[in-house]
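1. Provided below for reference: sequence and predicted model.
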There are 2 protein chains.
Amino acid sequence: MSRAAPARPGKPTINDVARAAGVSRATVSRVINGTAGASPSNRTRVRSAVAELGYQPSATARALATGRTRAIELIATSFRPPTGWLGAHPYYSRVLAGAMSFLEGTDIQLRIHVLRADCADQDVDAFAEDAGIGVLLANVTPELAVRLYLRCRRVISLVPTAAAVPAVEVDNIAAVRTAVTHLHQLGRRHIAAIHGPSDNTCAEERRDGYRRAIEGFGLPELSADGGFTREGGHDAARELLERHPGIDAMFVACDLMAAGAVQAITASGRRVPGDVAVIGFDDSVAASCANPRLSTMRLPVEEMAAEATRMLLGGALDSGYRKRYPVQLIVRESTLLTGTVA
Amino acid sequence: MSRAAPARPGKPTINDVARAAGVSRATVSRVINGTAGASPSNRTRVRSAVAELGYQPSATARALATGRTRAIELIATSFRPPTGWLGAHPYYSRVLAGAMSFLEGTDIQLRIHVLRADCADQDVDAFAEDAGIGVLLANVTPELAVRLYLRCRRVISLVPTAAAVPAVEVDNIAAVRTAVTHLHQLGRRHIAAIHGPSDNTCAEERRDGYRRAIEGFGLPELSADGGFTREGGHDAARELLERHPGIDAMFVACDLMAAGAVQAITASGRRVPGDVAVIGFDDSVAASCANPRLSTMRLPVEEMAAEATRMLLGGALDSGYRKRYPVQLIVRESTLLTGTVA
DNA sequence: TTGAAAGCGCTAACAA
DNA sequence: TTGTTAGCGCTTTCAA
């Protein structure tokens, strides 16, 4: 009488392969794992038995035996702006695409988790215990990132959070300087900015970058907050224009907000880029869907996510680890003055 | 001497809990699973032992013992248009958001997989063997969907593929009729259409819907293909306008293409909606980022994905199962004639 | 180079 | 109601 349900009814197990090949389970294990210690002849026999039976090792059993799940966790919070992380902000799609591109063809799985607003601490603890190869952090607060990092060292964040938590990053300050300089080179001297939420480290760096750049040019600072949402960007742009009708350019801290800003600018009767030039940030799908299309600072998000995934596989990441990626200026119609239609 | 690595070093196991509570493993198992057959007093003792030790059951061990992994698989192909599924098309973000919203707070994981172009069949077979609770199909070809369904019945597609494969769906024909009727009610009589790829079942249904609706109004058919990408939508719109300058409205089979179409229309010197009204499809982020914002047919994608997930949990889905969802007309500026700026 | 055997942490059938 | 025990499918140590 069998006391436990067969894991996959009808599926051949390592035992079946061993029997078919006339060797022990251990030998089969050596062969399928490419470990040393199996004669060429046995290797051949095992391989043909595997092929014949259509055997595929059970990831579950393997995980139990080795103590390591072949999975990468992607963790995001559902309760930070922009509300409803996946779906709302195009950034996450790129993260996913990057991680998947690296995992494609491997036996490693990608598991998605969201932290619930009301019990994020518990969720973090649970994920820390259950984590496989490692954890990719998307938009987690610094406090939660640290909590997770202390419980499970195999963590890397896709944006800098707390100092200790390993992260991939970009030089936001320099990127914003490039963006503002681009607007300045267009001859614009009334360059406003729309920023992200103040509890977001990236948003704060970009805000800082704008201040420094503007100061460097000796221009007046004109800032508003847009909360990293399209609506926020739209409203912020409208108010900026009402208060400062002379604005002739805008730096917007993400493309989603910038798309909203462009809408508000044209709705006010102004033209982009003729009256107001706009530059976004990220190079998300929002940048190419805006009308006119947005010039933007392109973050290599896919590349960063893929590299972060690769690092997790590599094992130990030092506390405070950082890897910096270049940001590229993409010029599209929202700052292009040539060839405009009459 | 231990022959196998401890799964999670230092983590309490069910044995530790049993010892601490002074009961057997079986009793602990009964309590943590809420199964009948444990006295109230033991339940209490076990629960406090669990709390004290911070015990969390191992999903891996559980999966091995029960033969069922508590995971839902989301499978997409990487090789169909629009290229690079995640990241490129905003639709998938909504799928993910919907599935996650249902899974949030459960112990069920969501695992993402992509089928590789060069060995999709093998990948399908592997996923079929390894599938946990069930499989959610995103943009898989009918052939692959059938292949998977034959090997693993616990499958549901987020769009209709082959007849046998269970799916959630919308009435594309009726939805397009609503969209075209909306344009017609605006007084437009030269209503063109931009369609998706001909190997996509949804795209074909929408194409069919357009033909029927246009025929119903006794208007001429004016179709072009946009491949479900922004660029494709842009180019298709430009060519349509060149060939048929009298076009005064466009039905576009997805918002991403529609955003491109709007760009092409304004670039030609026409105004939206004044000269050409545009209606999209999906209600993705592209619809709200376009300028002007797009009227569109809103698909309840999140709801559909959540419901599909719920059904997988419910177990057996009959062959040919279908559940139909309503599509809603969302009117935004791209078809709004009131209050336009001078 | 090989195989026997002891687990990994849990569930579930059975006997008490 | 409870505990004993035999697995789930695999890896890995050890002895041969």
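-> Good, I have the coordinates.
2. wouldn't A:I14 be in contact with A:V31 here?
-> No. A:I14 lies out of contact with A:V31 (Cβ atoms under 8 Å); the separation is 10.3 Å. Glycine gets a C-beta too; all of them are placed from N, C-alpha and C.
3. Next one, pLDDT for the most centrally placed residue in chain A please.
-> In chain A, the residue lying closest to the centroid (Cα atoms, centre = their mean) is A:V95, at 3.2 Å. For A:V95, the pLDDT comes out at 91.
4. for A:Y55, same thing?
-> 93.
5. Isn't it up against A:N15?
-> No. In this structure, A:Y55 is not within contact of A:N15 by Cβ under 8 Å, at 10.2 Å.
6. When those two are compared, which one has more neighbours?
-> Taking other Cβ atoms under 10 Å in any protein chain shown, A:Y55 and A:N15 do not tie; A:Y55 has more neighbours (20 against 11).
7. Now do the SS call for the more buried one.
-> Under DSSP: H, G, I helix; E, B strand; the rest coil, the three-state class of A:Y55 is coil.
8. Over to A:G280?
-> strand.
9. Is it bridged to anything, and to what?
-> A:T296 (DSSP bridges).
10. Now do it against A:G196, distance only.
-> Distance from A:G280 to A:G196, counting by Cβ to Cβ, to the nearest Å: 12 Å.
11. who has more neighbours, those two?
-> Neighbour totals were compared for A:G280 and A:G196, and A:G280 leads with 34 against 28 (other Cβ under 10 Å).
12. so what's the more buried one scoring on pLDDT?
-> For A:G280, pLDDT reads 98.
13. Provide a list of residues in contact with the residue in the stretch 101-250 of chain A that DNA strand C sits nearest to.
-> At 10.1 Å from DNA strand C, A:E129 is the closest residue in the stretch 101-250 of chain A, using Cβ to the nearest atom of the strand. When contacts are counted by Cβ atoms under 8 Å, 6 or more residues apart in numbering or on different chains, A:E129 touches A:R151, A:C152, B:R8, B:K11, B:Q56.
14. Get me the contact residues on chain A for DNA strand C.
-> Residues of chain A lying near DNA strand C by Cβ under 7 Å from any atom of the strand: A:1, A:3-5, A:22-27, A:30, A:36-39, A:41-42, A:61, A:64-65, A:67.
15. could you redo the last one with a cut-off of 10 Å?
-> Residues of chain A found near DNA strand C (Cβ under 10 Å from any atom of the strand) are A:1-5, A:7, A:14, A:18, A:21-31, A:35-43, A:45-46, A:60-67.
16. what ranges do the helices span in the stretch 201-342 of chain A?
-> Under the criterion DSSP state H, counting those that start in this stretch, the stretch 201-342 of chain A contains helices at A:201-216, A:230-243, A:255-267, A:285-289, A:301-314.
17. Let's have the ones you listed in CSV, adding mean pLDDT, mean neighbour count and distance to A:I173.
-> As requested, the helices of the stretch 201-342 of chain A are exported to CSV (pLDDT from 0 to 100; neighbours: other Cβ atoms under 10 Å in any protein chain shown; distance: least, Cβ to Cβ, whole Å):
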stretch, mean pLDDT, mean neighbour count, distance to A:I173
helix A:201-216, 96, 19, 4
helix A:230-243, 98, 21, 21
helix A:255-267, 98, 28, 19
helix A:285-289, 96, 28, 21
helix A:301-314, 94, 20, 17
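18. mind putting the ones you listed in a markdown table, distance to DNA strand D included?
-> Converted to a markdown table, the helices of the stretch 201-342 of chain A look like this (distance: least, Cβ to the nearest atom of the strand, whole Å):
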| stretch | distance to DNA strand D |
| --- | --- |
| helix A:201-216 | 39 |
| helix A:230-243 | 49 |
| helix A:255-267 | 45 |
| helix A:285-289 | 41 |
| helix A:301-314 | 16 |
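19. Would you mind saying which of those helices lies nearest B:A261?
-> Shortest separation from B:A261 across the helices of the stretch 201-342 of chain A is recorded for helix A:285-289, at 10.9 Å, computed as Cβ to Cβ.
20. ok, that closest one near chain B or not?
-> Yes. Under the criterion of Cβ under 8 Å from any Cβ of the partner chain, helix A:285-289 makes contact with chain B via A:V285, A:A286, A:S288, A:C289.
21. The stretch 51-200 of chain A: helices as residue ranges?
-> Under DSSP H, counting those that start in this stretch, the stretch 51-200 of chain A gives helices at A:59-66, A:85-88, A:91-103, A:120-130, A:142-151, A:172-185.
22. what does the third one contact?
-> With Cβ under 8 Å, 6+ apart as the contact definition, helix A:91-103 has outside contacts at A:72, A:74, A:76, A:85-86, A:109-110, A:136, A:138-139, A:158, A:254, A:282, A:284-285, A:301-310, B:78, B:84-88, B:90, B:92-93, B:96, B:112, B:114.
23. switch to 7 Å and redo it
-> With Cβ atoms under 7 Å, 6 or more residues apart in numbering or on different chains as the test, helix A:91-103 has contacts from A:72, A:74, A:76, A:85-86, A:110, A:136, A:138, A:158, A:282, A:284, A:301-306, A:309-310, B:84, B:86-87, B:92-93, B:112, B:114.
24. Render the CA-only coordinates of that helix in PDB, please.
-> Extracted C-alpha coordinates of helix A:91-103, given in PDB (Å, rounded to 0.1, in the frame of the first residue of the first chain):
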ATOM      1  CA  TYR A  91       8.500  50.100 -15.900                       C
ATOM      2  CA  TYR A  92       7.700  46.800 -14.500                       C
ATOM      3  CA  SER A  93       7.100  45.100 -17.800                       C
ATOM      4  CA  ARG A  94      10.600  46.000 -18.700                       C
ATOM      5  CA  VAL A  95      11.900  44.500 -15.500                       C
ATOM      6  CA  LEU A  96      10.100  41.300 -16.200                       C
ATOM      7  CA  ALA A  97      11.200  41.200 -19.800                       C
ATOM      8  CA  GLY A  98      14.800  41.600 -18.700                       C
ATOM      9  CA  ALA A  99      14.700  38.900 -16.100                       C
ATOM     10  CA  MET A 100      13.000  36.500 -18.400                       C
ATOM     11  CA  SER A 101      15.400  37.100 -21.200                       C
ATOM     12  CA  PHE A 102      18.200  35.900 -19.000                       C
ATOM     13  CA  LEU A 103      16.200  32.900 -17.600                       C
END
